[in-house]
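1. All I have is the shape, not the residue letters:
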């Protein structure tokens with residue numbers, strides 16, 4: 001049965017660590033879909049630390065945009081993260097933020113059309129105020145709209161606050177309820 005879980009929060013709120021733990025609770029062999037593009041040495045080292053933190057039970061897929069090209073039916077899939085995934089579309093299609101948003105929505109729909117459990121990690125970058133930079137404002141809007149799109153389709157939405165998961169949406173699929 002298809003299931004979508006969105007894990008959101010601010011920077012360093014514990015989103016990825018929580019998502020990895022949850023994925024391992026749901027499956028002994030989850031898939032990790034990394035959406036990052038490596039843009040500098042500091043970020044490359046950060047990605048390496050993340051890889052080392054995960055063990056051999058993970059199937060690692062590095063894909064910056066076209067996640068749906070992988071067959072994941074019947075699996076638990078952690079997509080980390082929506083923010084970087086949207087960044088890739090945004091910068092490839094700049095200055096067309098609306099077109100980038102529509103393309104990432106279509107890709108999300110193709111991916112989640114598969115019968116799998118999906119965990120999406122994202123950031124709430126709009127919580128910190130409005131940027132003076134127009135490019136940043138447009139991206140903040142795009143990510144906020146994408147987060148809303150995923151949350152509307154999600155069975156469960158978890159907000160991470162200081163390492164503590166706070167469930168803000170939970171649709172039960174239990175037929176006894």
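-> Thanks, I have the structure now. Note that the structure is predicted; figures quoted are calculated from it, not measured.

2. Can you list the buried residues in the worst-scoring helix or strand of the chain on mean pLDDT?
-> Ranking every helix and strand in the chain by mean pLDDT, DSSP states H and E puts helix 41-53 at the bottom, with a mean of 79. Residues of helix 41-53 classed as buried: residue 50 (neighbour count, 16 or more other C-beta atoms under 10 Å). Glycine gets a C-beta too; all of them are placed from N, C-alpha and C.

3. Which elements pack onto that helix?
-> Using 3 or more C-beta pairs under 8 Å, 6 or more residues apart in numbering; DSSP states H and E as the contact test, no helix or strand touches helix 41-53.

4. After it, which helix or strand is next?
-> Downstream of helix 41-53, the next assigned helix or strand under DSSP states H and E is strand 59-62.

5. ok, residue 80 touching residue 23?
-> No - counting by C-beta atoms under 8 Å, residue 80 stays clear of residue 23, with 9.7 Å between them.

6. Need the overlap of contacts for these two.
-> Shared contacts of residue 80 and residue 23, defined by C-beta atoms under 8 Å, 6 or more residues apart in numbering, comprise residue 32.

7. Which residue is the nearest non-sequential neighbour of residue 64?
-> In this structure, residue 64 finds its nearest non-sequential neighbour in residue 88, 4.6 Å apart by C-beta to C-beta, 6 or more residues apart in numbering.

8. Point me to the helix or strand that includes the one you found.
-> In the assignment (DSSP H and E), residue 88 maps to helix 82-93.
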